[in-house]
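Student: A predicted structure for the sequence below; I have some questions about it.
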Amino acid sequence: MIKLLGHSKFLFVILLLLKINTSFGQNSNRNLLIGKWQFEKFMPGDNASKISSEEAAMIRNANSKNKGVFMTFFADNKFKTEQKGGLSVNNSSGRYLLLNNHKVVIEKDTVELVQLDKTYLKMYMKGRPIAVFKRVSF
């Protein structure tokens, strides 16, 4: 569970989603999701051209704090996050649920998979930055 922007916990919410027990969805997305991903950065989501200097600073700070975070998705609908020497919230495990429409439900919130391919995983929730991960291995 990744600390984001001091008070906003976008990835924390994503990881809560991953605790849901059942999985259904497109096999191609499911197969692409499975593997180890390294956190690369947060980038502006909504109205990226209108981001304030304070928001930009918060994103830079969150990027720094989450450097070295890995997220692994397993075929049995489990996931693990790890960050050596990092925050305890960045070292956790649980379950995930992938929906048919390129979305993931996190309790009552919905996260959109902006990009999911062999190289990148980008997740977005309205009003939050986009979380960008790069594949390390399958």
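Tutor: Noted; the coordinates are in hand.

Student: and the longest helix for the protein?
Tutor: Criterion DSSP state H: the longest helix present in the chain is helix 53-65.

Student: packing partners of that helix?
Tutor: If you count contacts as 3 or more C-beta pairs under 8 Å, 6 or more residues apart in numbering; DSSP states H and E, helix 53-65 packs onto strand 35-43. The way it works is simple: take the backbone N, C-alpha and C, and place the C-beta from them, glycine included.

Student: now the strand it packs on - C-alpha only, CSV.
Tutor: Below are the C-alpha coordinates for strand 35-43, written out as CSV (Å, rounded to 0.1, in the frame of the first residue of the first chain):
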residue,chain,number,x,y,z
GLY,A,35,3.6,-10.5,-13.3
LYS,A,36,5.9,-8.1,-11.4
TRP,A,37,5.6,-4.3,-11.9
GLN,A,38,7.9,-1.6,-10.7
PHE,A,39,6.4,1.8,-9.7
GLU,A,40,7.7,4.5,-12.1
LYS,A,41,5.8,7.6,-11.2
PHE,A,42,2.6,9.4,-10.6
MET,A,43,1.5,11.8,-13.4
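
Student: what separates it from the chain centre, distance-wise?
Tutor: Chain-centre distance of strand 35-43: 7 Å, with C-alpha atoms, centre = their mean, to the nearest Å.

Student: what's the angle between that strand and helix 53-65?
Tutor: 150 degrees (axes from the mean of the first three to the mean of the last three C-alpha atoms, to 10 degrees).

Student: so for strand 35-43, what gets flagged as buried?
Tutor: The neighbour-count check on strand 35-43 (16 or more other C-beta atoms under 10 Å) flags 35-42 as buried.

Student: check stretch 87-100 too.
Tutor: For stretch 87-100, a neighbour-count test (16+ other C-beta under 10 Å) marks 89-92, 94-99 as buried.

Student: for it, measure first residue to last.
Tutor: With C-alpha to C-alpha, to the nearest Å applied, stretch 87-100 spans 32 Å between its terminal residues.

Student: for the record, mean pLDDT for it?
Tutor: Mean pLDDT, stretch 87-100: 82.

Student: cool, and stretch 111-120?
Tutor: 93.

Student: that one: how far from the chain's middle?
Tutor: Distance, centroid of stretch 111-120 to centroid of chain: 10 Å (C-alpha atoms, centre = their mean).
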